[in-house]
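> I'll drop the sequence and a predicted model, then ask my questions.
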Amino acid sequence: MFTGIVDHVGTVARVAPGQGGGRTLVVRHRFTSALELGESIAHDGVCLTVVRIDGDTFWVEAGPETLARTTIGALKTGSKLNLERAATLSTRLGGHLVQGHVDAVGHIRAVRARENAWDLDVEAPPEVLKMVISQGSVTVDGISLTVTGRSAETFSLSIIPHTWKVTSLADKGVGSAVNVEVDVIARYVLGLLEAQQAEPKAGGITEAFLREHGF
């Protein structure tokens, strides 16, 4: 579990073929405390496990499913990526609860600079957009952000100068692919509602239930 508060921007030092069609990434980092084998680190919002540590670099492996569903497969030597170590029970929850399980790859459709912010429009699939609400939380490339608006095809964000400076967003432009993870609470609420609609007789308070009982 993560919070969407990026520790720093790391660099891909090397990419190598992995087992079963996967890939192995060697990532150069600047974490201030020692890493541990087996710990989870979010890479542009994708949770990957540390399998080897060597000085200021660590190794992670991404399977075929991860490569197909995220931007990890497009990384190459020199690529920048947002890094965050997993949260602990004493972590300040400066963002929101983030699982590191990407829902979809979105694409930046517009970047508008203002005096003290950058406004972004991100295109996402309909099944993701229905879980995004204005003033709610969303994770883009591992960054916890507040949604400022939503249309039929995109959601909007306003990036403050600090976030723009300490993450990889400044390196992205129109057309860039980004990992999108919706608020985990929204995901479960929608799942419960869809299950209830599919099997309304399974229980719970429905419109039919209220009519049957005189409401």
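Structure received. Numbering: from 1, shown residues only.

> ok, the closest residue to Leu37 other than its chain neighbours - contacts?
Excluding its sequence neighbours, the residue lying closest to Leu37 (CB to CB, 6 or more residues apart in numbering) is Val50, at 5.9 Å. From N, CA and C alone the C-beta is placed, and that goes for glycine too. By CB atoms under 8 Å, 6 or more residues apart in numbering, the contact set of Val50 is 35-41, 58-60.

> can you tell me which of those is nearest Thr163?
The closest of the contacts of Val50 to Thr163 turns out to be Ile41 (CB to CB; 19.4 Å).

> how far off centre is the helix or strand containing that closest one?
In this assignment (DSSP states H and E), Ile41 forms part of strand 40-43. Centroid displacement of strand 40-43 relative to its chain, using CA atoms, centre = their mean, to the nearest Å, is 11 Å.

> equivalent analysis for stretch 52-59, please.
Per CA atoms, centre = their mean, the centroid offset for stretch 52-59 relative to its chain is 23 Å.

> re the thing from before, partner residues bridging the residue nearest to Leu37?
Beta bridges link Val50 to Val60, judged by DSSP bridges.

> and the strand holding Ile41, what's its mean pLDDT?
Here strand 40-43 scores 98 as its mean pLDDT.

> which other helices and strands does it contact?
strand 46-54, strand 57-62, strand 80-85 (3 or more CB pairs under 8 Å, 6 or more residues apart in numbering; DSSP states H and E).

> what residues of the longest one count as buried?
This means strand 46-54. 46-48, 50 (16 or more other CB atoms under 10 Å).

> before we move on, what about stretch 70-78?
Buried, per 16+ other CB under 10 Å, within stretch 70-78: 70-72, 75.

> just stretch 21-31 next, same as before
Buried residues in stretch 21-31, counted by 16+ other CB under 10 Å: 22-27, 29.

> from Ile41, how far off is the residue nearest to Leu37?
Counting by CB to CB, to the nearest Å, the gap from Val50 to Ile41 is 6 Å.

> need the residues touching each of those two.
Listed contacts common to Val50 and Ile41 are 35, 58, 60; contacts here mean CB under 8 Å, 6+ apart.

> buried sites along the helix ranked longest in the chain?
Longest helix in the chain, counting residues (DSSP state H): helix 184-198. If you call a residue buried by 16+ other CB under 10 Å, then helix 184-198 has these buried ones: 184, 186-187.
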